[in-house]
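**Student:** with the input below, show me the fold.
(2 chains)
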Amino acid sequence: MLNYIVRRALLMIPIVFGVMLITFFLFFVVQSPEQMARRILGPKAPPETIANWLENRGYDKPRFLNLRQGANPFDSLFFNSMKSLLVFDLGKSDITGEPVAEMFRQGAIPSLLLTFPAFIVGLLAAVGLSLFLCYVRDSAIDTWGIVLCVALMSIPIMVYVIFGQWVLANQLKYFPVFGFSMDGFGAVRFLALPVTIMVLAGIGSDVRLFRTIFLEEIRTDYVRTALAKGATNARVLAVHVLKNGMISLITLIVASLPFLIMGSLVIENFFGIPGLGNLAIKAIHTSDFSVVRATVYLGSLLYLGGLLLTDICYAAVDPRIRLG
Amino acid sequence: MTVATRPGLTPILFMPTLTTVRASSVLVHRITSAMSRGMGKSAFLCVAWTTLIFSGCGNDPHVPPFRTTRDNGDPWLTLYRALGDDPRTLDPQVSYDTTSDAIVSQVYETLLQYKLFETDPYQLEPCLAASLPKRTQNPDGTESYLFTLKRGIRFHDDPCFPDGKGREVTSDDLLYSFRRIADPKVECPVFAVFAEFIPGIAEVYDAAKKSGKADYTMPISGLEIVDRYTLRVHIKKPFPQILYWFAMPVTAPVPREAVEYYDGVKREQFRFKPVGTGAFRLAEWRRNKLIRLVRNDHYTATTFPTGGWPAEEAGRLASLAGAKLPQADEVQWVIIREAIPGWIMFRQGYLDRSGVQKDVFTAVLNPAHELSPEYAARGIYLYKDVDVTTFYGVFNMDDPVIGTNKRLRQALYLAYNGDLANEIFRNGIDLPAHHVIPPGVFGHDANYRNPYRGPDLERARKLLAEAGYPGGIDPKSGKPLELSLDLVADDSQARRAAEFDKAQFEQLGIRINIIENTWARLLDKMQRGQFQIYGSSGWHADYPDPENFYSVFYGGNIPPAGSNHGRYKNPEFDRLYEQMRQMDNGAERLAIIHRMRDIMSEDCPIMPLMHPVIYSLAQPWTKRISNNLLARSSLKYVGVDAKLRAQKIAEWNRASPLPVVIGAVCLTAAVVGGIMIGRRRNA
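**Tutor:** Residues are numbered from 1 along each chain as shown, chains lettered A, B, ... in the order given. From the prediction side, this is the model:
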């Protein structure tokens, strides 16, 4: 196992390197550092201001390899960035000058306060509902339940947001429409509506998926045996099907855990949650390359970490799988 | 991933699974017991919430103000405003965007400011300065301005000062701000303006570039400290507009202690820790969420104006004459990126001001563009202000087809129906532009009619024939003339506008090819002159002087030197520009401006389209003081009727329990029904 983890961790290095290389390439294909500077400083900025801006941030260096005479070939934008990213020196935002690590640190907790409860509540609700649909399988309730799930998953999240804000917050005035707080009751007051919306928006597809997983389990021999031995439908579902179905569920759950920290763009923007959701989008819109590269770097690490964690979990809960 | 699956008999598969079952049973048990322990707290939260919601204040989105009453027992007044994004910086020498400026201007004040009630034309008055500066013309053609500071003006109290108390502002602080402008590491975006006019700035900048570090002791020959409160500014050539720069935050005095403390000792960065002389000081900045300003208790620089207001406002404003500023005690700027929540907060009374967004335009305003009955009944105020901005389409004067053919440009402008565009895209609220100088700026003439402003298709066709393209056909190829129209494809609105422009021009029988660009790409093409027509250009006043608007068409400002992206160059226009930029406002200057206007209209390097009109709303408890869009630090004049606000908010936010009860009953019925059906089926 340890051997496998080390091997996978080593394999992550070239992958992350490749991801960063592609990001660099794509970012600067779309715009040169000069264009980026002009965009940030505004169309009125004179050339010397732009040159000074580029120099202060090292963007005046060649992008990939420094082929200037007498220069160190690795004294380039890409390698200098990689050097600092490797030791998790995320640098400063090109626009505000704020340390990027600080931006992540400040946004992570609000994001988690939104996504983690939504994740847990959504998961419990989806498992419960899918078990219920299995319990009444092949009935009208099951059919209409599925129809409802398809409807829920087909509605774009924006519709939930606008409905929630306009009807529940504006017309009925049950929730504050906007805002955030970290103290116990305040947090519940502000997060109730966005969490509910996130749960509703995600539950349709989850219920359908989980129901399929559980139904597959129900059709196995041991369930038939259990039912034949006189176990009740409810008991079979709660004790046997749920626990065995969990193997498939765990992999899904674990893989999505690392992304909770990244927050949710739409929900955060509409409800005023100062999380990480809009960090990447805003950085791309404003040409803040320092933030883009840090987000891509941490994002790819999280993604690879999530995959590794899934594999480990698989091996831990399912004895048919061995890592080696 | 290497996955080894072990095929085998069913029992073998089952056995280890049971271990997992046991493990997860323990987990489930732990979770449920934890939940039951938390049950009491959750029940309490539910009850508390329900009580709060139905008591009518459950939806207050704000953090509580710092205090509820002032020291003397009067209510603590808080203003609630929305900001579209975090400011980029709160360093006055760096900020040059409207979002940052909204905050910076409240925290930092400048030697001069705009007169609150003078908007046509805009005028300056002293703020930190004791009087308008004394101007001297020197025999060698240079000029000097003598600025004298008011006595006893203090910086905000801040830990950067030895005893935490803000010290008095002196002429050294004024000089220090210029030293920062000349420091390449500070990255002042308008450094070039000062380098052009004030001797010594460029030299200090270049020396710092060479040595890698700015020398804050190096003399700047154009800035001379006369005494503790007096600074003499020498300028290389007459440039009366320089005074406007002394009303911009870039020249605001900054305490050296704060820069050294926050950029040096503490690692918090001065750009996030402003220490100024403004009527408010920064109390808190929670990124992505909120900026809170609180009153500067020892603010003395200005008081409420003692006159000048419009006659119809005298009843309200006369009682405030000479009042101590700021009127309010706290300002909360909530950072709201989306339009809908901001609008709902305004409707609920939780924001004092709002724009009129496109989505709600028809709900808020009637067809005559006055408040609809619902909003009029709420007592809301509607304001309409012409922005000091002109939007225009720009032709590339270096282009071999369009740049050399005056008649062609005139024909295109004549074919364009700007009023229709205004109706379609702006609800018809904007003011048609006939020239680049907007209202409020010296030289604007409301009665002027541009001879080539459309729509006049008949004349346009005639001019097109004169241009050598009868019926829009290029005689060389026998096919319709093809022109390209660039746009920034950042939203559907931009595309629709480009499609509209295309349809307008194609009425002449020519062909228009739309080229979509990213913003960065377009800026680059404008710099290089690689376009024919760009339909959505414009200029917003840095300061309200015609020189600022004409600088965009001065031949000396063709990129990379400046912002003359259309590459317009007319020797007579340039000569008049050089002449008028040095002059004071007066009949002679006005005549020159009108001459320049006529030259431009005839040459037609741009198609003036509109001056945007800004519609804004204010709550009944905070009627606005002035319509001055350039008076940046105007928040200090604004007060609030706290009693009326509390009353209206309570009235507008009463929640009814009925829908909750109905919803709960329906849900319970659905669940119980479902379980019953399931049981019956399983039985």
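**Student:** just the helices in the stretch 51-200 of chain A please.
**Tutor:** Taking DSSP state H, counting those that start in this stretch to define them, one finds helices in the stretch 51-200 of chain A at A:77-86, A:100-135, A:140-154, A:157-163, A:184-218.
**Student:** any residue of the third one up close to chain B?
**Tutor:** Yes: using Cβ under 8 Å from any Cβ of the partner chain, helix A:140-154 comes into contact with chain B via A:I141. C-betas here are computed from N, CA, C, even on glycine.
**Student:** these two touch, right, B:A497 and B:G535?
**Tutor:** Yes: with contact defined as Cβ atoms under 8 Å, B:A497 reaches B:G535; the gap is 6.9 Å.
**Student:** quick one: the strands in the stretch 401-550 of chain B, in order.
**Tutor:** B:431-432, B:473-474, B:479-480, B:482-488, B:511-517, B:533-540 (DSSP state E, counting those that start in this stretch).
**Student:** which strands or helices does the third one pack on?
**Tutor:** Put plainly, it is strand B:479-480. Using 3 or more Cβ pairs under 8 Å, 6 or more residues apart in numbering or on different chains; DSSP states H and E as the contact criterion, the elements in contact with strand B:479-480 are strand B:473-474.
**Student:** show me what the strand it packs on is packed against.
**Tutor:** strand B:479-480.
**Student:** now the helices for the stretch 351-500 of chain B?
**Tutor:** Under DSSP H, counting those that start in this stretch, the stretch 351-500 of chain B gives helices at B:361-364, B:373-377, B:406-415, B:418-426, B:457-466, B:492-506.
**Student:** for B:I606, give me phi and psi.
**Tutor:** Its backbone dihedrals place B:I606 at phi -140, psi 160, with angles given as degrees, to the nearest 10.
**Student:** just checking, it touches B:F391?
**Tutor:** No: counting by Cβ under 8 Å, B:I606 sits too far from B:F391 to count as a contact (9.9 Å).
**Student:** spell out which residues are contacts of both of those two.
**Tutor:** Here B:I606 and B:F391 share the contacting residues B:S537, scored by Cβ atoms under 8 Å, 6 or more residues apart in numbering or on different chains.
**Student:** more neighbours, those two?
**Tutor:** Per other Cβ atoms under 10 Å in any protein chain shown, whichever of B:I606 and B:F391 has more neighbours is B:I606, with 28 against 25.
**Student:** once you drop chain neighbours, what's closest to the more buried one?
**Tutor:** On the basis of Cβ to Cβ, 6 or more residues apart in numbering or on different chains, the spatially nearest residue to B:I606 that is not a chain neighbour turns out to be B:Y392, at 4.3 Å.
**Student:** distance of that neighbour from chain A?
**Tutor:** 14 Å (Cβ to the nearest Cβ, to the nearest Å).
**Student:** and that residue, what does it touch?
**Tutor:** Going by Cβ under 8 Å, 6+ apart, the list of residues near B:Y392 reads B:433, B:436, B:537-539, B:606-609.
**Student:** farthest pair within the residues you listed?
**Tutor:** The most widely separated members of the contacts of B:Y392 are B:W539 and B:M607, with 13.6 Å between them, by Cβ to Cβ.
**Student:** gap between the residue nearest the centre of chain B and B:P249?
**Tutor:** If you average the C-alpha coordinates of chain B and look for the closest C-alpha using Cα atoms, centre = their mean, you land on B:T98, 2.9 Å from that point. Taken as Cβ to Cβ, to the nearest Å, the spacing of B:T98 relative to B:P249 amounts to 12 Å.
**Student:** where in the chain is pLDDT low?
**Tutor:** By default, I'm working from chain A. Counting by pLDDT under 70, chain A shows low-confidence ranges at A:324.
**Student:** wrong chain, I was asking about chain B
**Tutor:** By pLDDT under 70, the weakly predicted segments of chain B are B:1-57, B:266, B:678-679, B:681-683.
**Student:** list the contacts of A:F24.
**Tutor:** Shown in contact with A:F24 (Cβ under 8 Å, 6+ apart): A:63-64, A:77-78, A:81, A:293.
**Student:** on that earlier part again, out of the strands of the stretch 401-550 of chain B, which one sits most buried?
**Tutor:** The highest mean neighbour count among these belongs to strand B:533-540 (a mean of 21), with neighbours defined as mean count of other Cβ atoms under 10 Å in any protein chain shown.
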